[in-house]
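Trainee: sequence unavailable; structure follows:
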RNA sequence: GGGGCCAUGGGGAAGCUUGGUAUCCUUCCAGGUUUGGGACCUGGCGUCGUCGGUUCAAAUCCGGCUGGCCCCA
């Protein structure tokens, strides 16, 4: 076979969108459906989504968030109750107008987000301060009919997410929660997906329609475009006024409740793929890999059964990991190596006659293709170490690209006036500064900016501190 | 919002200008020899996104629709 036929035809650095599409198709992460902007999320990608769900559900439980489910159709009258909200979403709402041959008396929106339908219920449920706080989350799909061309995972007209909605009796509690949630989302990116993100606040033009303010995470794609990675909104009393969510406080006084809403979507899968995959194909961070270790028996005449037996034993030793034995006999070993590299499995273990002789296996890591012989007696602990190390290495690599990108974006010199902002990053110690990656990158950015334009007060603590914003080219 | 490109078997391409019933690579299926970086032999499946028009005849020409991609605001 010709060398050019091996692996991907597009290069990550030369043709990002061609490369991205090729990776997700060939690694079997998604398939196109016959609805424009609607994709099929295939099992390998959906596995990652389930890992994210597991993580978030566990954390939600700790802070008293409960899962529930609300209808996907929202009556027009409800959707229009909060003025800023409908103004922001109206252009991209899809409507149901008929059932069978009957025209509906009121058209129904397919939810672009669920504030309105949920808060209609909340107003019935909440009577007293004793009913608060109320924290409800739902895992669902939403439809936002964007007219920009869809990009699998990154911009689709239907996507999966979780949307959390909390109601509090004071502004302070709401302020505290939006920050707490954005920190939680950052942990999903850092700890599970091994992706660095910037944390900050959206500008007035970019904030959620109907919110007082929006905190967000922004990631940077390999093509240097900035992309919103998750958001957490403080809704103030805007919706509680529109939906009449009132409670009696301890002094028997009626008061409007304070609300927040926050979401994390399957766009994160696209950011993960774009960040870690390379010119050989996908690379899964080990913590979310559908298969963490693939075992490839190398068959030789007379050794077949022996090798299969050892492969089985090795698999049993690695019970705590997701392991797959590729014992297909009609594919050559080389073919399998390439296929599993394309699919992004973090660690490959080869077992052949040499290994059997020496009671060891040959391990090859996907991130740098380094090979290493491991004694079978030490297998479990070494595999654990290697998977951890791959996770760390991917994060380290992503951070390096992240900083390079920030320098590049900075050099674009597109930021001239405050009106161009989409996003502000606070350098206040209380929020972002424990992350060295943010510090370093932003220092570079800030040096070349006009400090008179960019100085501001911290949006959380109110102290004088520097804000930085960039537009780059955002998705 | 404005402009451009593309659609041929599971994947990738040629054929289209000048209409004559489709070719190559790969995959897939069956059998056999193989397996340490995409093995080989033999045989086999598969019909031009979709709807309509022109024509004796359409992958090819014309129009609508659907889907995909890119660039600029």
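Mentor: On my side now, so go ahead. On a predicted model such as this, the values are computed, not experimentally measured, just so you know.
Trainee: can you give me the strands for the stretch 51-200 of chain A?
Mentor: Applying DSSP state E, counting those that start in this stretch to the stretch 51-200 of chain A gives strands spanning A:66-67, A:73-75, A:94-99, A:102-110, A:134-143, A:158-168, A:198-202.
Trainee: pLDDT on the first one, on average?
Mentor: Per-residue pLDDT over strand A:66-67 has a mean of 98.
Trainee: ok, the second one next?
Mentor: Mean pLDDT, strand A:73-75: 96.
Trainee: and of the strands of the stretch 51-200 of chain A, who's closest to RNA strand B?
Mentor: strand A:158-168 (11.2 Å; Cβ to the nearest atom of the strand). From N, CA and C alone the C-beta is placed, and that goes for glycine too.
Trainee: what's the angle from the closest one to strand A:94-99?
Mentor: Relative orientation of strand A:158-168 and strand A:94-99, computed by axes from the mean of the first three to the mean of the last three Cα atoms, to 10 degrees: 100 degrees.
Trainee: pLDDT of strand A:158-168, averaged?
Mentor: For strand A:158-168, mean pLDDT is 97.
Trainee: any idea which of the strands of the stretch 51-200 of chain A is most buried?
Mentor: When those are scored by mean count of other Cβ atoms under 10 Å, the highest mean neighbour count falls to strand A:198-202 (a mean of 24).
Trainee: what packs against the helix or strand following that one?
Mentor: Sequence-wise, the next helix or strand downstream of strand A:198-202 (DSSP states H and E) is strand A:213-220. Counting contacts by 3 or more Cβ pairs under 8 Å, 6 or more residues apart in numbering; DSSP states H and E, strand A:213-220 is packed against helix A:171-187, strand A:198-202, strand A:225-236, helix A:379-412.
Trainee: lowest average confidence across these, which one?
Mentor: strand A:198-202 (a mean of 78).
Trainee: can you tell me the strand partners of that one and which way each runs?
Mentor: With DSSP bridges as the test, strand A:198-202 is paired with strand A:213-220 (antiparallel), strand A:423-426 (antiparallel).
Trainee: and residue A:326, backbone torsions?
Mentor: phi -90, psi 90 (degrees, to the nearest 10).
Trainee: and it, how far from RNA strand B?
Mentor: 10 Å (Cβ to the nearest atom of the strand, to the nearest Å).
Trainee: mind listing what that residue touches?
Mentor: A:294, A:295, A:296, A:297, A:336, A:340 (Cβ atoms under 8 Å, 6 or more residues apart in numbering).
Trainee: try it again with 6 Å
Mentor: A:294, A:296, A:336 (Cβ atoms under 6 Å, 6 or more residues apart in numbering).
Trainee: give me the number of residues near the residue of the stretch 201-350 of chain A found nearest RNA strand B?
Mentor: The stretch 201-350 of chain A approaches RNA strand B most closely through residue A:334 (2.6 Å), counting by Cβ to the nearest atom of the strand. The tally of other residues near residue A:334 (other Cβ atoms under 10 Å) stands at 10.
Trainee: angle of the one helix or strand residue A:349 maps to against helix A:379-412?
Mentor: Under the criterion of DSSP H and E, residue A:349 resides in strand A:347-351. Following the same axes, to 10 degrees, one obtains 140 degrees for the angle between strand A:347-351 and helix A:379-412.
Trainee: strand partners of strand A:347-351, parallel vs antiparallel please.
Mentor: For strand A:347-351, pairing defined by DSSP bridges yields strand A:293-297 (parallel), strand A:360-365 (antiparallel).
Trainee: which positions within the helix or strand just after the shortest one qualify as buried?
Mentor: Right, the one you point to is strand A:293-297. The helix or strand immediately downstream of strand A:293-297 is helix A:304-317, counting by DSSP H and E. For helix A:304-317, a neighbour-count test (16 or more other Cβ atoms under 10 Å) marks A:307, A:310, A:311, A:314, A:315, A:317 as buried.
Trainee: residue A:276 is nearest to which of the strands of the stretch 51-200 of chain A?
Mentor: Shortest distance between residue A:276 and the strands of the stretch 51-200 of chain A, using Cβ to Cβ, is found for strand A:198-202: 18.2 Å.
Trainee: what angle do the closest one and helix A:171-187 make?
Mentor: Using the same axes, to 10 degrees, strand A:198-202 lies at 140 degrees relative to helix A:171-187.
Trainee: can you tell me the closest non-neighbouring residue to the residue of the stretch 301-450 of chain A found nearest RNA strand B?
Mentor: In the stretch 301-450 of chain A, the residue that lies nearest RNA strand B is residue A:352 (2.1 Å; Cβ to the nearest atom of the strand). Leaving out its chain neighbours, the residue that sits closest to residue A:352 by Cβ to Cβ, 6 or more residues apart in numbering is residue A:298, at 3.4 Å.
Trainee: is it true that that neighbour touches residue A:331?
Mentor: No - using Cβ atoms under 6 Å, residue A:298 is not in contact with residue A:331; the gap is 11.8 Å.
Trainee: so these two - more neighbours on which side?
Mentor: residue A:298 (18 against 11).
Trainee: so what's the more buried one up against?
Mentor: A:333, A:350, A:352.
Trainee: and for residue A:289?
Mentor: residue A:346.
Trainee: up against RNA strand B, what does the stretch 351-475 of chain A have?
Mentor: For the stretch 351-475 of chain A, the contact set with RNA strand B under Cβ under 7 Å from any atom of the strand comprises A:351, A:352, A:353, A:354, A:355, A:362, A:364, A:369.
Trainee: between those, which sits nearest residue A:239?
Mentor: Of those, the one sitting nearest to residue A:239 (Cβ to Cβ) turns out to be residue A:369, at 52.5 Å.
Trainee: which ones, among the contacts of residue A:326, also lie beside RNA strand B?
Mentor: Near RNA strand B, judged by Cβ under 7 Å from any atom of the strand, the entries from the contacts of residue A:326 are residue A:336.
Trainee: report the residue spans of chain A with pLDDT below the cut-off.
Mentor: For chain A, applying pLDDT under 70 flags the ranges A:1-7, A:406-475.
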